[in-house]
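Visitor: After the sequence you'll find the predicted model.
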Amino acid sequence: MALSVERVDVWAASIEDQPGGLAGKLAPLADAGADLEFVIARRAPDKPGTGVVFVTPLQGDAQTAAGEKAGFAVADSLHSLRVEGDNQPGIGAELTRKLAGAGINLRGLSAAVIGGRFIMYLALDTAEDADKAAGLLKG
């Protein structure tokens, strides 16, 4: 099974937990020409009235400047991989089992299928784990 595996920077920002909180963060990115492949937002249960949004990619000076102005920063504690390939039943179980067998613990996983392809974002605790996982999944 041929997979595309690459390291990616994930950008994060706090959002207000109210109508328009997320839109207010995404609009400046769109205005700067960002073509986001991944967006996930959620409430922050430990901080009532707030949430967090994660996006990728931000590319080039205009997009990164817009992101920084909107409160985004590279999430340095997330060492992330973007994995893409042909979808098949059980692919998520197969890949996570492979990582577990190598002693790699996942911090987070988000995945979706569109047509016959899947895309998965993995978050790992360390750069070393991300590099090890990338090597394992490419092999």
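Guide: Arrived safely.
Visitor: can you tell me which residues contact residue 88?
Guide: Listed by C-beta atoms under 8 Å, 6 or more residues apart in numbering, the contact set of residue 88 reads residue 1. For the C-beta atoms, the positions are set from N, CA and C on the backbone; glycine is no exception.
Visitor: any idea of the pLDDT on it?
Guide: Confidence at residue 88, expressed as pLDDT, is 95.
Visitor: what does stretch 132-139 rub up against?
Guide: Outside stretch 132-139, the residues touching it (C-beta under 8 Å, 6+ apart) are 3, 5-7, 81, 83, 95, 98-99, 102, 104, 122, 124.
Visitor: same thing but 6 Å
Guide: 3, 5, 81, 99, 102, 104 (C-beta atoms under 6 Å, 6 or more residues apart in numbering).
Visitor: my read is residue 34 is in a helix, agree?
Guide: No - read with DSSP: H, G, I helix; E, B strand; the rest coil, residue 34 is coil and lies in no helix.
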